[in-house]
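> Got a sequence here, can you model it:
(4 chains)
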There are 2 protein chains.
Amino acid sequence: MSKITIKELAQKLNLSISTVSRALSDSYETSEETKKKVKALAEQLGYQPDLYASNLRSRKSKTIGVIIPEITNSFFSLAINGIEEIAREKGYHVLIYLTHESYQQELSISRLLLDGRVDGVLMSVSSETTDVKHLADFNERKIPVVLFDRIHDGYKTLKVGTDDYQSGFRSALHLIQKGCKNLAYLSISKQLCMDKRRMKGFLDAVKKFEIRSRVVYCHQDDAGNEKVLSGLLSAEDAPDGIFASVEKLGVAVYEVCNKLSVSIPEKLKVISFSNLKMAPLLQPPLTTITQPAFEIGKQATVALFKALKNNFIYEEDEEIIIRSELIVRRSTE
Amino acid sequence: MSKITIKELAQKLNLSISTVSRALSDSYETSEETKKKVKALAEQLGYQPDLYASNLRSRKSKTIGVIIPEITNSFFSLAINGIEEIAREKGYHVLIYLTHESYQQELSISRLLLDGRVDGVLMSVSSETTDVKHLADFNERKIPVVLFDRIHDGYKTLKVGTDDYQSGFRSALHLIQKGCKNLAYLSISKQLCMDKRRMKGFLDAVKKFEIRSRVVYCHQDDAGNEKVLSGLLSAEDAPDGIFASVEKLGVAVYEVCNKLSVSIPEKLKVISFSNLKMAPLLQPPLTTITQPAFEIGKQATVALFKALKNNFIYEEDEEIIIRSELIVRRSTE
DNA sequence: TTGTACGCGTTATCAG
DNA sequence: CTGATAACGCGTACAA
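Reported below is the predicted structural model:
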């Protein structure tokens, strides 16, 4: 019972291979009667069409690839949730690849996906990525690529993200309104378009109100961040308000404050991009800019399927923006 | 440049298809010279062997399937991290499927994976699953299956988990030592072997010390859990110590305590299975039983590759136990 | 060392 | 409505 093929079904039913094939695919040019017989036997013997054979003919893999920097990040796990939901609905399969924020990994994974394994790609570029030539290869293979969250200027396609500039602006404004006089923006990457936009919004607000501010470039590794933040917070002119551009950095701030006994919000007000379900349960509850992660994943997938269905690839820039929400909690009181 | 095939390479080099094929696979019966020429051209034209064609011949997909209940759960995202790492190392691809704790989904996903798409499967069964007949189908197809974390009695294979019984026992003991007189065990499923073991450990400790206790069966949905826990905690004889058998329930307890202003640890001591990085930052810091999630994912994958490499499937029960750690924090002080 | 020819399981085309 | 036959791209006996 291990490998039933169409051929065996045909033999047992005294039909030709092609008739069986047609019956199984519900072709209109087959009698209802044979369809029933064939399907019954197929069901009974547990027939499964061979994936590789049928893909070889049809040139479709019914699979999409998802390339993300990391998965232990509530934004990405929620996004995957959305992606998987839509994909399963459409009968597609989802391959997951993690770059761990490494450009090299991103490169080699991209290369792997050129072998016809996937019909389309969803991607969030790594924070190291500056050059996006590897993405052009997908165009040559007519594989549509949709970028989400970690979008990149250098590659033209459909992009799904949030209102980064506005979020940065609102965050700075909120801190200023709460009385901060000395702000810091924690950046995760000098290259990422998303980071630049958040920063731009933040800096514009700061400039408008003529508040002192600085930008702190952080690292990928926790140890490095602890060092940077410890330095920052124990300095003479330590900031009194921090905006963490990504969740990881918000958590790092809490950890360091905990260690150094810097009290939030009295000495330092903190606001962070985050999708942590536990934000309200932290000590103190964390004010967040929360992205609709699930929805972003979903929209990106819907857009990808639009391309897949109509057999085109996105060659011009186009953006779908889904707003983030500022949720005020005790950390900025 | 979109679809270079072996045939085109052959034409351009005035060689036969088979020679090119051999050259690319480094066959010993090919001259070094032709190998070089072929490989050079292949590289230059960006040749990628067609996955489906070659799999159709070789009957190997170089892909494993991972079926888990949910991804927004720090245990599973860490585990996937470990899985992906090993898989990539071995040149394998990883397909992800989420059951959302639904038995029906698990069933239909399992069926999908019988079509030769994957060489092996890693799985954590859903909390609804009682019947595991669907897993037997993998055996018939000679597809090895390794269970991790959410293991199930009914299916014989290699299983990777943690010391559930001991963890349950230790947790109850810890609460008792901290002075609790009235304990509650929060269960996520009546079927799961893992849950039963944790509960058994818990109940054995309780019995040994003759402490009052009860078992509370919780739900999959947050709303349902809020209701159950609100009832539990506002009752006359509310427990003074809780052991949450999974992270989700630990978080739910915090949320309800927050809402009802039940103070932890004064009125209620809480200990929970959890891989939350933020456990120390919660209000108050949460005492956890922490599983080596990354390592569990890794070991499960290593075991799967052992089967894959030696071309066998696990047909007898065998367990790999990786110990969890009790990390005491303020929630049980 | 290289080329010829066939088959993997399917789907698509063309007759009948 | 059904059957024979030719691809899809690759790998591999077998022959040269």
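> what about stretch A:264-282, average pLDDT?
The average pLDDT for stretch A:264-282 rounds to 97.
> Repeat that for stretch A:306-317.
93.
> Between its first and last residues, what's the separation in it?
End-to-end distance of stretch A:306-317 (CA to CA, to the nearest Å): 16 Å.
> Report whether it contacts chain B.
No. Using CB under 8 Å from any CB of the partner chain, stretch A:306-317 never reaches chain B; the gap is at least 11.3 Å. The way it works is simple: take the backbone N, C-alpha and C, and place the C-beta from them, glycine included.
> is that stretch up against DNA strand C anywhere?
No. Figure legend: stretch A:306-317 not in contact with DNA strand C (CB under 7 Å from any atom of the strand); closest approach 14.0 Å.
> How about whatever residue of the stretch 201-333 of chain A ends up closest to chain B, nearest residue that isn't a chain neighbour?
Distances between the stretch 201-333 of chain A and chain B by CB to the nearest CB are smallest at A:Gln283, namely 3.7 Å. Leaving aside its sequence neighbours, A:Gln283 sits nearest to B:Gln283 (CB to CB, 6 or more residues apart in numbering or on different chains; 3.7 Å).
> which residues touch the one you found?
For B:Gln283, the contact set (CB atoms under 8 Å, 6 or more residues apart in numbering or on different chains) comprises A:281-285.
> Report whether stretch A:220-237 contacts chain B.
No. If you take CB under 8 Å from any CB as the test, stretch A:220-237 misses chain B, and the best it gets is 9.4 Å.
> chain center to that stretch: distance?
Taking CA atoms, centre = their mean, to the nearest Å, one finds stretch A:220-237 lying 27 Å from the centre of the chain it belongs to.
> For it, buried residues please.
A:220, A:225, A:228-230, A:232-233 (16 or more other CB atoms under 10 Å in any protein chain shown).
> what do you get for stretch A:137-156?
Neighbour-count burial for stretch A:137-156 [16+ other CB under 10 Å]: A:137-139, A:141, A:143-152, A:155.
> and it, average pLDDT?
So the average pLDDT for stretch A:137-156 ends up being 93.
> Return the distance of the residue lying closest to A:Pro284 once chain neighbours are set aside relative to B:Leu232.
Leaving out its chain neighbours, the residue that sits closest to A:Pro284 by CB to CB, 6+ apart is A:Arg330, at 3.8 Å. Distance, A:Arg330 to B:Leu232, using CB to CB, to the nearest Å: 27 Å.
> Can you tell me the element A:Glu70 falls in?
Secondary structure from DSSP states H and E places A:Glu70 outside every helix and strand.
> Quick one: end-to-end length of stretch A:177-185, please.
16 Å.
> who's in contact with that stretch?
For stretch A:177-185, using CB under 8 Å, 6+ apart, the contacting residues are A:168, A:172, A:175-176, A:198-199, A:202-203, A:206, A:211-216, A:232, A:237-243, A:245, A:265, A:269, A:332-333.
> picking up where we left off before, show the contacting residues for the residue nearest to A:Pro284.
A:265, A:284-285, A:287.
> need these in TSV with secondary structure and neighbour count, can you?
Listed next are these as TSV, based on DSSP: H, G, I helix; E, B strand; the rest coil; neighbours: other CB atoms under 10 Å in any protein chain shown:
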residue	secondary structure	neighbour count
A:Pro265	coil	20
A:Pro284	coil	19
A:Pro285	coil	20
A:Thr287	strand	27
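> So for the helix ranked longest in chain A, what gets flagged as buried?
As assigned by DSSP state H, the longest helix anywhere in chain A is helix A:293-310. By neighbour count with 16+ other CB under 10 Å, helix A:293-310 contains the buried residues A:293-305, A:307-308.
> near chain B, which residues of the stretch 1-150 of chain A show up?
A:1-3, A:46, A:48-53, A:55-56, A:61, A:63, A:70-72, A:74, A:77-78, A:80-81, A:84, A:88, A:93-98, A:112, A:114-117, A:137, A:140-142.
> Farthest pair within the contacts of B:Gln283?
A:Leu281 and A:Pro284 (10.0 Å; CB to CB).
> one step back: quick one, phi psi at the residue of the stretch 201-333 of chain A closest to chain B?
Here the main-chain torsion angles of A:Gln283 (degrees, to the nearest 10) amount to phi -110, psi 100.
> for A:Tyr185, same thing?
phi -110, psi 130.
> how about the residues of the stretch 1-150 of chain A near DNA strand C?
So far as CB under 7 Å from any atom of the strand goes, the stretch 1-150 of chain A lies against DNA strand C at A:3, A:5-7, A:17-18, A:21, A:24-25, A:47-50, A:53-54, A:56-58.
> Which members of the residues you listed are classed as buried?
Buried, going by 16+ other CB under 10 Å: A:6, A:21, A:24, A:47-50, A:53-54, A:56, out of those.
> Please identify which of those residues is nearest to B:Val132.
Nearest to B:Val132 among those, with distances taken as CB to CB, is A:Gln48, at 19.4 Å.
> domains of chain A?
A:6-49, A:59-162+A:293-322, A:164-291+A:326-332 (automatic domain parsing).
> Endpoints of the first one, how far apart?
The separation between the terminal residues of domain A:6-49, taken as CA to CA, is 8 Å.
> Is any residue of that domain near DNA strand D?
Yes. Using CB under 7 Å from any atom of the strand, domain A:6-49 reaches DNA strand D at A:14-19, A:22-23, A:28-34.
> Report the beta-bridge partners for A:Phe273.
A:Ile289 (DSSP bridges).
> pretty sure it is in contact with A:Ile242, am I right?
No. Counting by CB atoms under 8 Å, A:Phe273 sits too far from A:Ile242 to count as a contact (12.0 Å).
> what's the overlap in contacts for the two?
Between them, A:Phe273 and A:Ile242 share no contacting residue, judged by CB under 8 Å, 6+ apart.
> Find the residue ranges of the stretch 1-150 of chain A scoring beneath the pLDDT cut-off.
A:1-2 (pLDDT under 70).
> Would you mind measuring from A:Glu101 to DNA strand C?
Distance, A:Glu101 to DNA strand C, using CB to the nearest atom of the strand, to the nearest Å: 40 Å.
> picking up where we left off before, now, the buried residues of stretch A:220-237 that are in helices?
A:225, A:228-230, A:232-233.
> okay, those residues in CSV with pLDDT and distance to A:Ser324 next?
Compiled in CSV, those are given as follows (pLDDT from 0 to 100; distance: CB to CB, whole Å):
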residue, pLDDT, distance to A:Ser324
A:Asn225, 96, 23
A:Val228, 97, 25
A:Leu229, 97, 23
A:Ser230, 97, 29
A:Leu232, 97, 25
A:Leu233, 97, 26
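> of these, closest to A:Ser124?
Nearest member of those to A:Ser124, counting by CB to CB, is A:Asn225, at 20.1 Å.
> hmm, who's touching whichever strand or helix holds A:Lys248?
In the assignment (DSSP H and E), A:Lys248 maps to helix A:247-260. Residues outside helix A:247-260 that contact it (CB under 8 Å, 6+ apart) are A:73-75, A:186, A:188, A:218, A:222, A:225-226, A:229-230, A:233-234, A:242, A:244, A:262-264, A:268, A:270-276, A:282, A:286, A:288, B:277-278, B:280-281.
> Equivalent analysis for stretch A:72-84, please.
A:64, A:66, A:68-71, A:94, A:96, A:122, A:124, A:148-149, A:247-248, A:274-277, A:291, A:293-298, A:300-301, B:70-72, B:74, B:77-78, B:81, B:96-98, B:277.
> so how far is stretch A:27-46 from its chain's centroid?
On CA atoms, centre = their mean, the centre of stretch A:27-46 falls 42 Å from the chain's centre.
> tell me which residues in it are buried?
A:30, A:35, A:37-39, A:41-42.
> What separation is there between the residue in the stretch 201-333 of chain A positioned nearest to DNA strand C and DNA strand D?
Nearest to DNA strand C, among the residues of the stretch 201-333 of chain A, is A:Asn311, at 14.0 Å (CB to the nearest atom of the strand). Here the criterion is CB to the nearest atom of the strand. By it, A:Asn311 lies 17 Å from DNA strand D.
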